[in-house]
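Q: the sequence and its predicted three-dimensional model are supplied below.
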Amino acid sequence: RAWSGIGLVQRLQRPLGSRLCKARSFHDDTIFDFEKVFENNKKWATSKRAADPEFFEKLARGQSPSILWIGCSDARVPANVIIGADSGTVFVQRNIANQFLAIDLNAQSVLQYAIEFLHVPHIVVCGHYDCGGVRAALRNMNHGSPLENWLRNIRDVWRLHYDEIVQFQGEARVRRLVELNVVEQCLNVYKTASVQKRRWETLQKDGIILPQIHGLVYDVANGELKKLPIDFSQGDMQKLQNCFDLYEFEGDNTLPD
């Protein structure tokens with residue numbers, strides 16, 4: 001009997017799990033109370049209108065943020081909340097352990113948009129103590145893909161600063177790697193072509209180098225931010241600029257501060 005592929009084609013055309021989709025909804029309102037979400041949203045919107053009747057009209061006209069915030073996805077570190085900023089003032093990119101990687105098209109696209117279209121004058125990389133991503137990277141175990149692939153970048157920070165980090169023990173080691181990770185991500189931002197192009201353009205046009213890049217760490221135990229000093233010797237700065245600078249102009253010794 002001649003083989004017929006009709007049945008196979010029909011099976012391939014039918015979405016996998018179609019019976020499951022019919023049997024179960026994507027969410028269960030008995031488990032999570034979405035009514036509370038909408039209730040809180042209405043309260044928030046009402047309070048904003050009470051404080052400023054034109055608040056939402058202003059937002060509808062567009063955004064003009066002064067900061068691009070590259071932070072961690074940790075639920076305890078919402079950018080706007082911890083710096084007391086209102087809607088429309090902070091452009092945000094978040095991921096596990098506040099990484100900024102050349103291969104991350106999401107982060108690179110956010111950065112390009114923030115610089116070329118929103119013209120943000122400041123870029124903040126903010127890490128936080130008690131970071132689960134950093135803590136996991138310090139454990140010699142396989143966390144499974146794709147998480148392990150992501151954590152490997154933090155392990156590279158550990159490798160770069162190995163001699164310093166091994167001098168710390170326990171929680172002090174985690175905290176120091178949190179700080180050094182922020183420093184390295186600031187440098188990753190600095191190396192980016194779109195950042196260098198914008199800094200060169202603003203210097204030529206206005207005589208000031210923008211955007212400025214800042215490294216911060218948030219302490220979840222007390223709610224306070226601190227600025228990290230990113231100190232390099234003249235020799236280190238020269239190495240970085242020799243390797244990564246894409247534009248030539250005088251007077252630029254301004255690595256991330």
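A: Great, that's in hand. Numbers count the residues shown, from 1 in each chain.

Q: let me know the average pLDDT across stretch 141-148.
A: Per-residue pLDDT values over stretch 141-148 give a mean of 95.

Q: how far away from the center of its chain is that stretch?
A: 20 Å (CA atoms, centre = their mean, to the nearest Å).

Q: how about residues contacting that stretch?
A: Residues from elsewhere that reach stretch 141-148, judged by CB atoms under 8 Å, 6 or more residues apart in numbering: 96, 136, 151. All C-beta spots, glycine's among them, are computed from the backbone N, C-alpha and C.

Q: quick one: end-to-end distance for that stretch.
A: End-to-end distance for stretch 141-148, by CA to CA, to the nearest Å: 9 Å.

Q: just stretch 138-155 next, same as before
A: With CA to CA, one end of stretch 138-155 sits 7 Å from the other.

Q: cool, and stretch 161-175?
A: 13 Å.

Q: what residues sit buried inside that stretch?
A: 161, 165, 173-175 (16 or more other CB atoms under 10 Å).

Q: name the residues that touch that stretch?
A: Under the criterion CB under 8 Å, 6+ apart, residues 129-131, 134-135, 138, 158, 176-177, 180 lie in contact with stretch 161-175.

Q: if we can go back for a sec, from the contacts of stretch 141-148, which land in helices?
A: 136, 151 (DSSP state H).

Q: which among the contacts of stretch 141-148 gets closest to D206?
A: I96 (36.3 Å; CB to CB).

Q: for whichever strand or helix holds V174, buried residues please.
A: For V174, the host element (DSSP states H and E) is helix 170-191. By 16+ other CB under 10 Å, the buried positions in helix 170-191 come out as 173-191.

Q: noted, bye for now.
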